[in-house]
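Student: from the sequence below, what's the structure:
(one chain, ligands or ions: 1)
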Amino acid sequence: MYRTELLHTVSQICSSEKGILAADESTGTIGKRFSSIDLENTHANRFAYRNLLFQCENIEQYISGVITYEETLLDSTSDGTRLIQPLLDKKIMVGIKVDKGVKPLYNEDETVTQGLDDLDDNCKKYYEAGARFAKWRAVLKIDKDKCLPSDLSIHENSVTLARYASICIQNGLVPIVEPEILMDGDHSIEYCAKVTTHVLSNVYHELLRHKVDIDCTLLKPNMVRQGVSCKDPIDWQKLAHFTIQSFQQTIPVSMPGVVFLSGGMSETDASIALNEINKLKAYKPWRLTFSYGRALQSSVLSAWKGKEENVKSAQEVLLQLAQNNSLASQGKFVGKNEGCKSLHEENYVY
Ligand code: 13P
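Tutor: Down below sits the predicted model:
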């Protein structure tokens, strides 16, 4: 019923030179971000921060979609002006995180994502509120000694992602399918490639089995890279090669766009990696761009510090990061790694 609109949403999000700002931190997670700048996690501060992001002048040159959290999507000022209004005015697509976080699958090692029960009703509510795409994050962890991710976890998370995608499509929301394999661990890039290929093949098997229109979906994967504790020096060309090789073996050509997560890489590393992937000469029938959270916001928060007088300079930082990644999505980023700090946290929750 929504097919034409879904295809339009997908093509808007995949516009050349643009990507997604993931600003969908739950109230708990944004609290952690705020504590890094000694800022209290109040509704007023959350409103001010998201307002800063959305009001950023010219951001629409580089950003085609913003993922929000429910509070943000439904929020408005006392005079009734909606918090997302600047996005709507700039024709930026509004997205919504619809998962309810993860719970242990059988012990603390592996998890499955919650939120299917109310999803149909929630999608209707979010569509009504102006959202046109959704995000659901499944989390998988590599541990070679424990043989993780287990087949059980891969299966449960793939089925859950497929059910989520199916429900979103029935309600007019483009589902971003996010099977994130964490970069925690000391595994090699070759091992990550093996696991990523196995996980993605299961995800697409389930999406097809659930009769999901693949051309109305987007994929938000990890890049194929070594674990954060692996001692090998990072080889960006190898990262690009293994990432694309894994995709070629698993992602249907009808899937229109890959919107990578940054996964805890530093802001610069995330841009360099995306750039290398786009520079690689290979068969790549998908748009390959960004849907970064931490890698688009870390320096913005540090520049803002919760102070009104810093809003302008924080917005300049955001614009610069968005431009860097826009260039990287075209293979034209020329910045170097200047020792930017890693944003990695073990067992990251969103
Ligand atoms: P990061 O870019 O910080 O990994 O977050 C993106 C995201 O939306 C995770 O679900």
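
Student: buried sites along the helix or strand hosting Val199?
Tutor: Val199 belongs to helix 189-209 when assigned by DSSP states H and E. Neighbour counts using 16 or more other Cβ atoms under 10 Å place 189, 191-204, 206-207 of helix 189-209 among the buried residues. C-beta coordinates here come from the backbone N, C-alpha and C atoms, glycine included.

Student: again with stretch 232-246
Tutor: Buried residues in stretch 232-246 (16+ other Cβ under 10 Å): Trp236, Lys238, Leu239, Ala240, His241, Phe242, Thr243, Ile244, Gln245, Ser246.

Student: quick one: classify the residue of the chain most remote from its centre as helix, strand or coil.
Tutor: Centroid-distance maximum for the chain: Asp79 at 32.0 Å, with Cα atoms, centre = their mean. Here Asp79 is coil, with the state taken from DSSP: H, G, I helix; E, B strand; the rest coil.

Student: now the helices for the chain?
Tutor: Assigned by DSSP state H, the chain shows helices spanning 3-13, 27-35, 43-54, 70-74, 85-89, 119-128, 151-170, 189-209, 236-248, 267-279, 294-304, 311-328.

Student: what's the fourth one packed up against?
Tutor: Put plainly, it is helix 70-74. Packing contacts for helix 70-74, counted by 3 or more Cβ pairs under 8 Å, 6 or more residues apart in numbering; DSSP states H and E, involve helix 43-54, strand 93-97.

Student: so which bits of the stretch 101-250 of the chain are right by the ligand?
Tutor: Residues of the stretch 101-250 of the chain lying close to the ligand by Cβ under 6 Å from any ligand atom are Arg137, Glu178.

Student: pick out the residue in the stretch 101-250 of the chain sitting closest to the ligand.
Tutor: Arg137 (4.1 Å; Cβ to the nearest ligand atom).

Student: now that residue: closest residue in space, sequence neighbours ignored.
Tutor: Among residues not flanking Arg137 along the chain, Glu178 sits closest, at 4.5 Å (Cβ to Cβ, 6 or more residues apart in numbering).

Student: before we move on, what about Ile169?
Tutor: Take Ile169 and drop its neighbours on the chain: the residue closest to it by Cβ to Cβ, 6+ apart is Cys216, 5.6 Å away.

Student: then Leu207?
Tutor: That would be Ala162: by Cβ to Cβ, 6+ apart, it lies 5.0 Å from Leu207.

Student: chain center to stretch 238-255: distance?
Tutor: Centroid separation between stretch 238-255 and its chain, computed with Cα atoms, centre = their mean, to the nearest Å, is 17 Å.

Student: ditto for stretch 237-253
Tutor: Distance, centroid of stretch 237-253 to centroid of chain: 18 Å (Cα atoms, centre = their mean).

Student: who's in contact with Arg294?
Tutor: Arg294 makes contact with Ser262, Gly264, Leu343 under the criterion Cβ atoms under 8 Å, 6 or more residues apart in numbering.

Student: and it, how far is that from Val253?
Tutor: Arg294 sits 30 Å away from Val253, going by Cβ to Cβ, to the nearest Å.
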